[in-house]
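Q: Sequence plus the predicted model coming up.
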Amino acid sequence: MIGRDEKISNAKLVAIQYGILAIFLILGMRLWDLQILSSDKYESLAERNRIRTVPILAPRGKILDREGRIIVDNRPSSSVLLLRDQQRDWNEDLPKIADGLDLQLAEIQDRLRRFSAEPKFRPMNLKDDITDNDVAFIESHRDELPELEIIMEHRRLYPRNGFMAHVIGYVGEVSEQMLNSPAYELYEPGDVVGRSGVERQYNDILMGTDGERRSVVNSHGKELETLSSKPPVAGHQLKLTIDLDIQVAAEEALEGRNGAIIAMDPRSGEILAMASRPAFDPNQFSVRISRQDWNALITDPGKPLMNKAIQAQLAPGSVFKVIMSVAGLQEGIAQDMHVNCGGGKVFYGRLFKCWIAARHSSHGDVNITKAIYQSCDSFFYTLGERLGIGKIASYAQALGLGQPTHVDLPDEVGGVMPSEEWKVKNFKQKWFAGETISVSIGQGAVATTPIQLARAIGGIASGGVLHRPHIAFPDELPPQYKEASSKYPDEVDVQIDPQNLQIITDAMAQVVSPVGTAPQAHLQNVDFAGKTGSAQVVSNEFKKSLSKEAAAQYKDNGWFVGLMPRRNPEIVVAVLVEEGEHGSLAAGLASQVIKAYADKHRAPAQKLARAGKASGPPLEMAAFWSTPAPVGDPDSKGEQLHAGRFVILEDAQARGLRP
Amino acid sequence: MRRYVSYRDFDWLLLGLVLLVCMIGVIQIYSATLHTRFAGAHIKQIYWIASGVGMMFLVSLISYEALLDRIHWFYGAAVISLVAVLVVGQRYLGARRWIKLWGTVHFQPSEWVKLVLILVLAKYFSELRQRDASLRDIVKAGLIGGVPLLLVLRQPDLGTALTYVPIIVMALFLGGIQFKHAAAILLVGAVLVVPVWKYGLKPYQKDRLTTFLHPEADTQGKGYQGEQSKIAVGDGGLWGKGIAQGSQTQNAFLPIPQTDFIFAALSEEHGFVGAIGLLLIYFVVLMRLVHNAQSAPDKAGALIVLGVVAVLTFHILVNVGMVVGFMPVTGIPLPLMSYGGSSLLFTFLALGIVMNIRMRRFVN
């Protein structure tokens, strides 16, 4: 037991005491730092842990036709959100989520990266329109994957088979480009906005304001209590000038062909129908569209996403002769002009053929009336030469050709109305006199859209009063829209003398008569007038250089612009049939639309018998539906579209149906 | 040799302070487990405390000198029990740390090995003739401490193995290690860091250390616990959220708030005032122990008491350091506070020996 009496030195004990004191001081200072100096920061972090904010999505407003029939509605659907504020190991969880929800891991990681700049409490949409299997997966993995949350959404329910797809447009998540533009500064990533058509044009009206629910959760994502709830504000409904009855006729007429139809009331500019083919299915977009489907849409040579009624800029062909006639008559040249057709005319040393030459025939002696209903090229070549490009261009421009109509739809294109100035400006070249001859029959550099032709010819038949086409009723729009549209004149007046008007419209009425270019489009007991057109896609010279088979690929586009009645018309219909060869085919389609209009407005208003002692007003329900086409119908496309409304009386029984 | 042992010399003040800490712990365990499946754990904790206090009184009756005389047997048993754990131990979360005794009662040998280590090193250094420890002594002491340390590391239980280090360091310090030797050991240790990192640590241990060094790199995954703990502490503010009111604690954001992170729970619910108050009590307890070492009847007694001081200080430093984000997340409990029998019993056993040493201060 040697050394036991030797004690520990006091110095060492004091050192130990100071060592312990130092440790406690350091810990105490750290507590001071965390709990006093930075307590605000940690308090808000704790708050963020504790409180979960889940959006309650607002339904978009319905889109109705002019009679209040529903075109676009919403349907309930569930989506799954990724709550990014949950502190989780994404590397570990994301593969599980991708696997369980049948998603691409790379795509999720990509989206997560794009969201990284957003505040953590904003959840990210993972998958829309989830299936029962997805719901089962999420419910059974609540504890393992608390960052998944199911929410109810109102998803757009669009008509099927591309019906009105281009007019309505579609919705989608707001893109980065859109967010960068000032018009979308109030939007946030992940917001669902209109991406095209009416959905985009009137997004502010249709889009509601999302609500949100704040609730207390534990670390497993289990909700303990709801703190507050802000209800969503639904979007406003929007009534369009579209008449579903006419729209159905237009869609059916165009079925199976490529092109566009637009029907308009020239008295007001209200668009009654607008169709474009090929179409796409906007329902594909109402859920997030897959990359594959999107690629298929944008690489399709038929350009299904293009609204050809406002975006196809093509040579108007002989339809332009109506504008030529206005110019010729107003300038006093055309009234007494007689031209001997002879299958073509020579100008500046070159033979310009009339279309009839292809039939080894000639129009003989032609005046303005015959020139219109027989669409004689020789007459209009001569008229064009006498007018000169300056006069032609100034009339065409006054009638709105080669410039946007400023219809209330996005991405309208302007087309081209060539002139000497235009050529110098764009090509730094002088105008060649021969070009005037081509322009006289709507060829050459002239490029117009169907909506321009509908407005111009509808306006001519209305005595020169052109209205700005529109698809929403201006009076029902909020002030900011009126302000935006007030930049463009609603009405343009082009002077046309009544006697000239009469010559032109009477000649146009003969187009659909046995002597005209579209006799088969004739409608019994309907004052139907119009003008055919067929426009070359490539020049005759180029076509000659090709073999017969190759040349057959470049079929002409068929045009027709029809009116009813011929003067002060109630409806003007412009039809473009791509590769439609000749305007008479287009005329047939236009006549179907005109007939639908005439039938509807001539049908006596049906009085609905009121059953029993029903007191309240009957409830009207809009509907459009499809039925299987009759068996053996040669035109059968599988389905026929109908539009109409049900009237339900107080006893909730359908008493009447007016198709 | 024994002449006079009386409970008049029992350190009642120390016991009072220790029981105060235990009581704060029980209240905090109650609050932290209120809405969890561990609800009612505070009652069990009271039972553990009661049996701990009973053990303490029993041990205080055993002369520490008698213990020291037989310490080689205890040391042998300690090493055997650690080997036994590796062979027949219960595997839980990838580590063998417990031996199943009967029913649900499990025994964790690595806890009481601490006590044996304190005693055996105290005996070794108290019997040294010369004032300074020779290199030979250092190597011997290193082997005595190193064998159980390596066995615990094999379980693997890095946290508990680390608690053996302060015992060895304290013994060497008091045993009279020379400055040049201490410097040489530190140097060798620094050189060994790289190979140990590469081959000696399990992947999860590396993860903990890397996330501690760079917590911002991965706050959602491995750094989650440490981050949530800091949030809980900071959320407490000056006065705290109140009993059972801390959202981090109550809504399960704080991991295991009744055991390793009990100090975070206390900090959230009782704020800076409560946390500093508790640290103050711990500080007084430690100072009281140092005082007891000073008044110990011999060097061996002083070495034992200071060994206990070393272990307790290390536990507090590492646990609180972990809670406030100074230290990596290791499973080291807060003495007397954290829920669990092994840790409590060790502490009370150690205090029992301290009491015995104190009661014998006038013996010689």
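A: Ah, there it is.
Q: quick one, phi/psi of the residue nearest the centre of chain B?
A: Geometric centre of chain B, nearest residue: B:H315, 4.4 Å, by Cα atoms, centre = their mean. With angles defined as degrees, to the nearest 10, B:H315 sits at phi -60, psi -50.
Q: Equivalent analysis for A:L244, please.
A: Dihedral angles (degrees, to the nearest 10) for A:L244: phi -60, psi -30.
Q: Next: A:K345.
A: Residue torsions, per degrees, to the nearest 10, at A:K345 are phi -140, psi 150.
Q: and it, what does it touch?
A: Contact analysis of A:K345 by Cβ atoms under 8 Å, 6 or more residues apart in numbering or on different chains lists A:339, A:351-352, A:354, A:378, A:381-382. For every residue, glycine as well, the C-beta is placed using N, CA and C.
Q: average model confidence for stretch B:270-287?
A: The pLDDT scores in stretch B:270-287 average 96.
Q: How about it, which residues are buried there?
A: B:270-272, B:274-276, B:278-279, B:282-283, B:285-286 (16 or more other Cβ atoms under 10 Å in any protein chain shown).
Q: Residues contacting it, please?
A: With contacts defined as Cβ under 8 Å, 6+ apart, stretch B:270-287 is touched by A:17, A:20-21, A:24, A:27-28, A:31-32, A:35-36, B:14, B:17-18, B:20-21, B:24, B:233, B:236-241, B:243, B:263, B:266-267, B:309, B:312-313, B:316, B:320, B:337.
Q: what's the answer for stretch A:218-237, then?
A: Outside stretch A:218-237, the residues that reach it (Cβ under 8 Å, 6+ apart) are A:49, A:51-52, A:56-64, A:83, A:86, A:142-143, A:146-147, A:149, A:205-217, B:228, B:251-253.
Q: Kindly give a single PyMOL line that selects the buried subset of these.
A: In PyMOL, this line selects whichever of those come out buried by 16+ other Cβ under 10 Å:
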select buried, (chain A and resi 49+51+52+57+58+59+60+61+62+63+64+83+86+146+147+149+205+206+207+208+210+213+215+216+217) or (chain B and resi 228+251+252+253)
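Q: Run through the stretch 401-550 of chain A and note the low-pLDDT ranges.
A: For the stretch 401-550 of chain A, the stretches flagged by pLDDT under 70 are A:538-550.
Q: ranges for the strands of it?
A: A:465-467, A:491-493, A:529-535 (DSSP state E, counting those that start in this stretch).
Q: So which of the contacts of A:K345 sit within strands?
A: In strands, defined here by DSSP state E, the members of these are A:339, A:351-352.
Q: in which helix or strand would I find the residue of chain A found nearest chain B?
A: Closest to chain B within chain A is A:Y42: 2.4 Å, counting by Cβ to the nearest Cβ. For A:Y42, the enclosing helix or strand under DSSP states H and E is helix A:39-50.
Q: Following the chain onward from that helix, which element is next?
A: strand A:51-56.
Q: Would you convert the contacts of A:K345 into a markdown table that also reports distance to A:K239 and neighbour count?
A: Compiled in a markdown table, the contacts of A:K345 are given as follows (distance: Cβ to Cβ, whole Å; neighbours: other Cβ atoms under 10 Å in any protein chain shown):
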| residue | distance to A:K239 | neighbour count |
| --- | --- | --- |
| A:V339 | 50 | 22 |
| A:L351 | 55 | 10 |
| A:F352 | 49 | 22 |
| A:C354 | 48 | 26 |
| A:S378 | 49 | 25 |
| A:Y381 | 47 | 24 |
| A:T382 | 49 | 26 |
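Q: farthest-separated two in those?
A: Spatially, the most separated pair among these is A:V339 and A:L351, at 14.9 Å (Cβ to Cβ).
Q: For the residue nearest the centre of chain A, give me its contacts.
A: Geometric centre of chain A, nearest residue: A:G197, 2.6 Å, by Cα atoms, centre = their mean. For A:G197, the contact set (Cβ under 8 Å, 6+ apart) comprises A:165-170, A:307, A:409-410.
Q: repeat that with 6 Å
A: A:167-169 (Cβ atoms under 6 Å, 6 or more residues apart in numbering or on different chains).
Q: Dump stretch A:133-146 to PDB, keeping only the CA atoms.
A: Extracted in PDB, the C-alpha atoms of stretch A:133-146 (Å, rounded to 0.1, in the frame of the first residue of the first chain):
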ATOM      1  CA  ASN A 133     -54.300   1.700 -57.700                       C
ATOM      2  CA  ASP A 134     -52.400   4.900 -57.100                       C
ATOM      3  CA  VAL A 135     -54.700   5.800 -54.300                       C
ATOM      4  CA  ALA A 136     -54.200   2.400 -52.800                       C
ATOM      5  CA  PHE A 137     -50.500   2.800 -53.000                       C
ATOM      6  CA  ILE A 138     -50.500   6.200 -51.300                       C
ATOM      7  CA  GLU A 139     -52.900   5.100 -48.600                       C
ATOM      8  CA  SER A 140     -50.900   2.000 -47.800                       C
ATOM      9  CA  HIS A 141     -47.600   3.900 -47.600                       C
ATOM     10  CA  ARG A 142     -48.800   6.800 -45.400                       C
ATOM     11  CA  ASP A 143     -46.100   6.100 -42.800                       C
ATOM     12  CA  GLU A 144     -43.300   5.400 -45.200                       C
ATOM     13  CA  LEU A 145     -44.000   8.200 -47.600                       C
ATOM     14  CA  PRO A 146     -45.800  11.000 -45.700                       C
END
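Q: Secondary structure element for the residue in chain B that chain A sits nearest to, which one?
A: Residue of chain B nearest chain A, by Cβ to the nearest Cβ: B:G234 (2.4 Å). Assigned by DSSP H and E, B:G234 belongs to helix B:224-236.
Q: Not counting its own residues, what contacts that helix?
A: A:34-35, A:38-39, A:42-43, A:45-46, A:87, B:215, B:219, B:248, B:253-255, B:261, B:264, B:267-268, B:271, B:323-325, B:329.
Q: and the helix or strand that comes right after that helix with chain A, contact?
A: Following helix B:224-236 in sequence order, the next helix or strand is helix B:247-250 (DSSP H and E). Yes - interface with chain A: helix B:247-250 contributes B:247-248 (Cβ under 6 Å from any Cβ of the partner chain).
Q: between the next helix or strand after helix B:247-250 and helix B:224-236, how big is the angle?
A: Per DSSP H and E, helix B:247-250 leads on to helix B:262-294 as the next helix or strand towards the C-terminus. Taking axes from the mean of the first three to the mean of the last three Cα atoms, to 10 degrees, one finds that helix B:262-294 is oriented at 90 degrees with respect to helix B:224-236.
Q: Next, the angle helix A:39-50 makes with helix B:262-294.
A: Using the same axes, to 10 degrees, helix B:262-294 lies at 130 degrees relative to helix A:39-50.
Q: Output the contacts of A:K345 in CSV, with pLDDT appended to each entry.
A: Converted to CSV, the contacts of A:K345 look like this (pLDDT from 0 to 100):
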residue, pLDDT
A:V339, 92
A:L351, 90
A:F352, 90
A:C354, 90
A:S378, 92
A:Y381, 93
A:T382, 93
